[in-house]
Every structure is written in C-alpha cells, then in structure tokens.
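Engineer: structure of the sequence below:
(one chain, ligands or ions: 1)
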Amino acid sequence: MAATIIDGNRIAAEIREELKKEVAIMKEKHGLVPGLVTILVGKNPASISYVTGKQKTAHDLGFYSVQDDQPEDIPEDALLALVEKYNADPKVHGILVQLPLPRHINEKRVLNAIDPDKDVDCFHPVNIGRLVIGGSEARFSPCTPAGIKELIMRSGVPTSGAEVVVVGRSNIVGKPIAIMMMQKAKGANATVTVVHTGSRDMEAHCKRADILIVAAGVPGLVKPEWIKPGACVIDVGVNRVGEKKSEKTGRMVPILKGDVDFEAAKEIAGSITPVPGGVGPMTITMLMKNTVLSAGLSIE
Ligand code: GUN
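Structural biologist: As a prediction, this is how the structure comes out:
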C-alpha cells in the first residue's frame with residue numbers, strides 16, 4: 001500500500017493558526033506583542049528570500065517585526081553593537097542573524113553575542129546545553145528539528161520505544177534531532193542511532209528504523225530497499241539538481257530533490273515527507289513558535 005504523504009504545508013498552516021490565537025490572547029491579557037528582528041548582512045539572493053519569508057510570516061501573525069538590512073562591509077564591531085542594541089530592547093523577543101555572514105565577520109562570535117533568551121534560532125551553546133539536559137531546563141528547540149518533531153507527532157506516528165535512525169550529524173539538524181528524540185518526553189522517548197559518513201554499514205542501520213530521519217544533503221542517498229516496510233520517513237534534504245521553467249511564471253526555477261528516492265520509497269514506507277512541501281515549510285513556522293514562547297517567558 002502506498003504511504004501516507006505527510007503534508008508540511010498543511011501542518012505548518014495549522015500551527016500558524018494556533019499561534020495567531022496565542023498572539024491574540026497575549027495581546028488581550030498582557031498587552032504584549034511578540035517581537036522578531038531579522039538582521040541581514042549583504043545582498044545574498046537566497047538570504048534575502050529566506051528573510052523576506054520570515055518577515056512576511058511574522059507580519060501575518062501580528063508580530064512586531066523589524067527587518068534590519070546592513071551593508072556587506074559592516075565591521076564586526078558594528079554588527080556586535082547592533083545585536084547588543086536588540087538584546088536590550090524589551091519590544092524584541094527574538095533576534096535572528098541570517099547566515100551565512102561575509103568572510104570578514106566571525107560568525108560564531110556574532111551568534112554567541114545574542115542573548116540566549118532571545119536566541120530563537122537556538123544556535124547559542126547555552127540553548128543547545130539546555131536542550132541536551134531537557135525537561136524544565138529546555139527552552140527553544142532549533143527550528144528544523146522542532147518542525148520534524150511536529151510532523152511526526154501530528155501524523156500520529158508512535159515514538160515511545162521506537163527505533164529512530166538519523167542520517168547526518170550536523171549541528172543544526174542531525175545532532176539536535178537525535179537529542180530531542182531520545183528525551184523522556186512526549187513525541188520522543190525513542191531509541192536513537194545516528195549514522196554518518198564514518199558509519200560502517202549505513203544500510204543495515206536504516207533497515208531497522210521505525211522512523212528514518214535523513215539529513216545528509218546527498219540527493220537520493222537512501223535507497224528504497226533501505227526502508228523498513230511501514231516506516232515513517234522524514235526527508236530533510238533539499239538538493240538543487242537542475243532547473244526547469246515554472247508553469248506559473250515562465251521563469252527558470254530550481255528542481256529540488258530530497259535525500260530519499262521519493263517515488264520508490266513511497267511504495268514501501270508507511271508515511272513519508274515529500275520534497276518540496278515536507279520539512280521545508282515547517283522551519284519558518286517553528287521560528288515563529290519560538291518567538292511566541294520567548295515573548296511568553298518574558299512575562300514571567
Ligand atoms: N541561513 C539558512 N538557514 C538559516 C537559519 O535557519 N537561521 C539563520 N540564522 N540563518 C540561516
């Protein structure tokens with residue numbers, strides 16, 4: 001039987017509706033409006049597009065939102081001073097510095113200058129530490145892993161005691177999702193294995209997975225025969241494999257392919273995310289969720 005397709009666009013829209021209600025209650029009860037600042041350095045077209053999407057979503061949800069554009073040659077000290085300014089601004093609950101930054105700027109220094117209580121990307125070592133400890137220590141979750149967890153939970157896939165195999169060990173997806181899925185918590189409590197380029201037999205591990213999360217950045221890495229029949233497959237890969245003419249606009253647009261051979265895998269898996277339209281739409285929504293959480297915590 002063909003797999004259920006996990007629709008990231010639908011689930012993201014559902015979460016945004018929930019957030020809208022939360023924002024309205026916050027305004028009514030506490031006179032508080034969640035505030036998000038996105039700082040963009042330079043004119044990288046992909047970064048402009050990402051930041052525009054974040055600002056549009058923040059605006060649609062009724063946030064106080066600021067798009068702060070800075071020139072490519074901004075000195076590192078000036079960027080650090082800007083971060084400090086927003087750290088001290090009580091209207092701002094979330095600060096996002098869009099990556100990548102120009103080469104003359106030490107990315108780590110800038111990210112670590114963000115107040116951990118406003119670090120809605122969850123890139124700061126303090127927040128990663130809190131995530132690892134879990135329970136009441138945990139605050140934000142990194143956006144893509146948080147989106148993955150929501151997709152799994154809202155699709156009704158059981159996680160407690162399940163075999164979760166994560167392919168990839170990046171700091172922004174592989175490592176944090178592995179930590180999150182092993183925590184003693186709702187939508188988690190799984191037995192987690194992380195496989196990577198140094199793993200001896202990636203296929204054997206994948207074949208055991210009840211939930212297979214693939215974030216390797218290698219198009220078609222996971223073959224259909226690696227998938228356990230009925231497994232939940234989450235494909236985080238977004239690989240540009242060419243270009244095609246858009247039917248809507250007539251302009252050339254990238255052809256995107258995941259890390260999993262979707263067409264063949266959907267005949268074996270129980271549920272699967274498509275690319276595009278799976279994990280992708282969740283990331284910005286989870287950034288908004290972190291900002292609402294941060295605003296809520298500022299009341300306490
Ligand atoms: N550049 C690409 N993705 C991201 C992201 O999630 N956060 C930030 N800050 N920069 C990015």
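
Engineer: strands of the stretch 1-150 of the chain, residue ranges please.
Structural biologist: 4-5, 35-41, 64-70, 94-97 (DSSP state E, counting those that start in this stretch).

Engineer: kindly report the same for the stretch 201-300 of the chain.
Structural biologist: 211-214, 232-235, 239-245, 252-257, 271-272.

Engineer: okay, angle between the third one and strand 252-257 too, please.
Structural biologist: Inter-element angle recorded for strand 239-245 and strand 252-257: 140 degrees (by axes from the mean of the first three to the mean of the last three Cα atoms, to 10 degrees).

Engineer: give me the sheet partners of strand 239-245 and which way each runs.
Structural biologist: The pairing partners recorded for strand 239-245 under DSSP bridges are strand 252-257 (antiparallel).

Engineer: in the partner strand, what's buried?
Structural biologist: L256, K257 (16 or more other Cβ atoms under 10 Å). (Each C-beta comes from the backbone N, C-alpha and C, glycine too.)

Engineer: in CSV, list the strands of the stretch 201-300 of the chain along with distance to the ligand and mean pLDDT.
Structural biologist: Compiled in CSV, the strands of the stretch 201-300 of the chain are given as follows (distance: least, Cβ to the nearest ligand atom, whole Å; pLDDT from 0 to 100):
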stretch, distance to the ligand, mean pLDDT
strand 211-214, 17, 98
strand 232-235, 17, 98
strand 239-245, 14, 94
strand 252-257, 15, 93
strand 271-272, 23, 98
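
Engineer: return the distance of the helix ranked longest in the chain from the chain's centre.
Structural biologist: If you go by DSSP state H, the chain has its longest helix at helix 8-30. Between the centre of helix 8-30 and the centre of its chain there are 18 Å (Cα atoms, centre = their mean, to the nearest Å).

Engineer: stretch 286-300 too?
Structural biologist: The answer for stretch 286-300 is 16 Å, by Cα atoms, centre = their mean.

Engineer: list the buried residues of it.
Structural biologist: For stretch 286-300, by 16+ other Cβ under 10 Å, it's M286, L287, M288, K289, N290, T291, V292, L293, S294, A295, G296, S298.

Engineer: now swap in stretch 38-48 and tell me
Structural biologist: Within stretch 38-48, the residues that qualify as buried are T38, I39, L40, V41, G42, N44, S47, counting by 16+ other Cβ under 10 Å.

Engineer: for the stretch 201-300 of the chain, what lies in contact range of the ligand?
Structural biologist: Contact residues (Cβ under 6 Å from any ligand atom) of the stretch 201-300 of the chain with the ligand: there are none.

Engineer: model confidence for the residue in the stretch 201-300 of the chain that the ligand sits nearest to, exactly?
Structural biologist: Closest to the ligand within the stretch 201-300 of the chain is T283: 6.3 Å, counting by Cβ to the nearest ligand atom. Looking at T283, its pLDDT stands at 98.

Engineer: and what of A12?
Structural biologist: 98.

Engineer: how long is stretch 73-93 end to end?
Structural biologist: Its start and end residues considered, stretch 73-93 measures 27 Å (Cα to Cα, to the nearest Å).

Engineer: name the residues of that stretch that are buried.
Structural biologist: For stretch 73-93, by 16+ other Cβ under 10 Å, it's I74, E76, L79, L80, L82, V83, Y86, V92, H93.

Engineer: over to stretch 208-227?
Structural biologist: Neighbour counts over stretch 208-227 (16+ other Cβ under 10 Å) mark 209-216, 219-222, 224, 226-227 as buried.
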